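build me a structure from this.
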Amino acid sequence: MKILALESSTTSAKTLIFDSDTQEVQVRTRRFEVAGPDPAVRDAEGIFTQLIALARESVRGHDVDALVLSNTYHGLGLVTQDLQAATPVYEWPFTGAQGLCAELRGDAELTTWFYERTGCMVNASYPAFKLAYLARQGVEIAGRKVMDQGSFNFLRLTGLPWTSYSLASGTGLLNVRTSDWDLEILETLGVAGVDFPELHDSEESAPLLADVATYLGIRPGIPVLVPGPDGGLSQVGDLAGLPGDMTFSMGTSGAMRFATLEPSLSPRLSTWAYRSPLGWLSGAATSGCTNCVDWAKDRFFGSDAQFSEIEPQLVQGRDELPTFLPFLYGERCPGWQDQRLGGFVGLEPRHGRVDMYQAVLQGVVLSLYHCFRELTAINGMPTRVLLSGGVLSSPFWTQMTADAFGVEMEVSSLQHSSVVGAVRLGLRAAGLSEDQPAFRNTETQRVLPNPAMRDYYDRAFAKYLDAYDRTSTAPDARAESLTGGNA
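Numbers count the residues shown, from 1 in each chain. Modelled structure (predicted):
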């Protein structure tokens, strides 16, 4: 069986072809060309056209049996009743609703009510608030159907306005208890009258349209699985779906996803609860990770500098470092302060560019550790932590992460885990085993924490929490409560 996986990520189109008979895997990636000043605002048809063009190149010479789809969480676009795009798709980094969300978070009762119904926080990244923002801007929403890029891609491939429960769970519009669209949320946010795509399980499919099949050069009518979220699909790709399994990705943004049996909500409202294609996830995500490191390298060493030239200058356990707050792109977990600013605390004239660069690495890790403490407070310690992402290209940063967290971590050797997860779902839907030799981790690598570094990171984290509290933009004491107690 040959499966074609298509992914529209934050920045790139990706295709993966898997042949279950030969175990051959072919991957292609191409950066999206996005017109306009804000790359988080994208033309849905333009993104689909670029994705399908890459797919056409990828399938030459292949007789494809099924298509599977991956997409980012939290995108919002509107389509008309005749299923034509009415707005761009506003992806997760879009910040237009920051002011609205800051206003809404001033109502503690509303904030808690929303979180407990949806598993999502009042934050500009969520489609519920992008929708309310568009309505306030005078955009016509009545009678329009809410879709993200993945659902739009499925629409163009099959003609059907469907989405998956797992992708919908990251919108702030799906009720975590009923697993249905929550009309009371719409009334509360003043956006009643919008329509929704049909909800389907992750292994459901619809036939590929003949005109798209002709363009691609493959058979019409082959199954196209409903789209899934890249974060949830990564859990599937890494075979980390058992309760207690935690995937930990440190890429452009940072994310921890803890597999649970049911929705797991934080009394501090500091984490989120989404559905993966296989179950529930209790998680936390940050807006600042390798994007902050790229910023630091370019600013302190120049865009032509190589990370390999900088790393030998770094030394573990330096007490004299300033504290870096990695909120250059706002805050998601644990405090959800969209308007929070990043920067250095305790910066002195004696600090040079190497000090500041290492402080950025450490600040990113401590921010993620802050989230980890919130997750373990409600779920207990994970039975397994699987680390992936750009962090693995830096042995220094990888060891720093294990030392700060104080837990053993497995290194994921699986590249392209989200599209591999989509392929695994396609195999399951076809009645085949998802455990394929091409996707097996033949030799597990582990990163062990250095116990001698525990005292150092306890001190560093205490300094981080103090700086975090003193720079809060929250109008109430909720953010301060996140720094107190043993989370």
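
the closest residue to residue 160 other than its chain neighbours: neighbouring residues, count only.
What sits nearest to residue 160 in space, not counting adjacent residues and going by C-beta to C-beta, 6 or more residues apart in numbering, is residue 206, at 5.1 Å. All C-beta spots, glycine's among them, are computed from the backbone N, C-alpha and C. Residues near residue 206, counting by other C-beta atoms under 10 Å, number 18.

nearest the geometric middle of this protein, what residue?
Centroid check for the chain by C-alpha atoms, centre = their mean gives residue 231 as the closest residue, at 5.2 Å.

residues touching that one, list them.
Counting by C-beta atoms under 8 Å, 6 or more residues apart in numbering, residue 231 makes contact with 73, 249, 255, 257, 274, 276, 281, 283, 418.

just the ones in helices from those, please.
residue 418 (DSSP state H).

tell me the least confident of the contacts of residue 231?
Within the contacts of residue 231, residue 276 has the lowest pLDDT, namely 91.

just checking, it touches residue 235?
Yes - in this structure, residue 276 is within contact of residue 235 by C-beta atoms under 8 Å, at 4.9 Å.

circling back to that earlier point, rounded mean pLDDT for the one helix or strand the residue nearest to the centre of the chain maps to, please.
Element membership of residue 231 [criterion: DSSP states H and E] is helix 230-237. Helix 230-237 carries an average pLDDT of 94.

residues contacting the helix or strand harbouring the residue nearest to residue 160, please?
In the assignment (DSSP H and E), residue 206 maps to strand 205-207. For strand 205-207, the surrounding residues in contact (C-beta under 8 Å, 6+ apart) are 66, 154, 158-160, 162, 220-226, 429.

now the following helix or strand past it: buried residues?
Next helix or strand after strand 205-207 toward the C-terminus (DSSP H and E): helix 210-216. Neighbour-count burial for helix 210-216, with 16 or more other C-beta atoms under 10 Å as criterion, is recorded at 212, 213, 216.

stretch 131-140 now?
131, 132, 133, 134, 135.

before we move on, the earlier item: the strand holding residue 206 pairs with which strands, and in what direction?
strand 223-225 (antiparallel) (DSSP bridges).

give me the distance from the partner strand to the chain's centre.
Relative to its chain's centre, strand 223-225 lies at 23 Å (C-alpha atoms, centre = their mean, to the nearest Å).

what's the mean pLDDT across it?
99.

for the record, mean pLDDT for stretch 54-64?
Mean per-residue pLDDT for stretch 54-64: 97.

repeat for stretch 113-128
97.

quick check: end-to-end length of that stretch?
End-to-end span of stretch 113-128 (C-alpha to C-alpha, to the nearest Å): 14 Å.

distance check, residue 348 against residue 469.
21 Å (C-beta to C-beta, to the nearest Å).

of these two, give the one with the bigger neighbour count.
With neighbours defined as other C-beta under 10 Å, residue 348 and residue 469 compare such that residue 469 has more, 16 against 9.

how close does the more buried one sit to residue 325?
Going from residue 469 to residue 325 by C-beta to C-beta gives 11 Å.

gap between the two ends of stretch 193-207?
By C-alpha to C-alpha, the extent of stretch 193-207 from end to end equals 30 Å.

now for the contacts of strand 205-207: which two are most distant?
Using C-beta to C-beta, the contacts of strand 205-207 span at most 19.6 Å, a distance reached by 159 and 429.

sorry, back to before: narrow the contacts of strand 205-207 to those in helices?
Residues of these located in helices (DSSP H): 154, 158, 429.

how far does stretch 252-264 sit from its chain's centre?
Offset of stretch 252-264 from its chain centre (C-alpha atoms, centre = their mean): 10 Å.

and the end-to-end length of it?
26 Å.

may I see the buried residues of it?
Buried residues in stretch 252-264 (16+ other C-beta under 10 Å): 252, 253, 254, 255, 256, 257, 258, 259, 260, 263, 264.

with stretch 330-350 instead?
So stretch 330-350, judged by 16+ other C-beta under 10 Å, has buried residues 330-338, 340, 342, 344-345.

before we move on, what about stretch 397-411?
397-405, 407, 409-411.

now tabulate those residues in CSV and tack on secondary structure and pLDDT.
Output for the buried residues of stretch 397-411, formatted as CSV (DSSP: H, G, I helix; E, B strand; the rest coil; pLDDT from 0 to 100):
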residue, secondary structure, pLDDT
397, helix, 98
398, helix, 98
399, helix, 98
400, helix, 98
401, helix, 99
402, helix, 98
403, helix, 98
404, helix, 98
405, helix, 99
407, coil, 98
409, strand, 98
410, strand, 96
411, strand, 93
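
tell me the least confident of the buried residues of stretch 330-350?
Ranked by pLDDT, those bottom out at residue 338, which has 83.

longest helix anywhere in this protein?
Every helix in the chain considered (DSSP H), the longest is helix 353-379.

distance from the chain centre to that one, please.
Taking C-alpha atoms, centre = their mean, the mean C-alpha location of helix 353-379 is offset from the chain mean by 17 Å.

quick one, the helix or strand that it is followed by and helix 230-237 angle?
Per DSSP H and E, the first helix or strand lying C-terminal to helix 353-379 is strand 384-389. Relative orientation of strand 384-389 versus helix 230-237 (axes from the mean of the first three to the mean of the last three C-alpha atoms, to 10 degrees): 120 degrees.

quick one: mean pLDDT for strand 384-389?
Strand 384-389 comes out at a mean pLDDT of 95.

swap in stretch 292-308?
Here stretch 292-308 scores 96 as its mean pLDDT.
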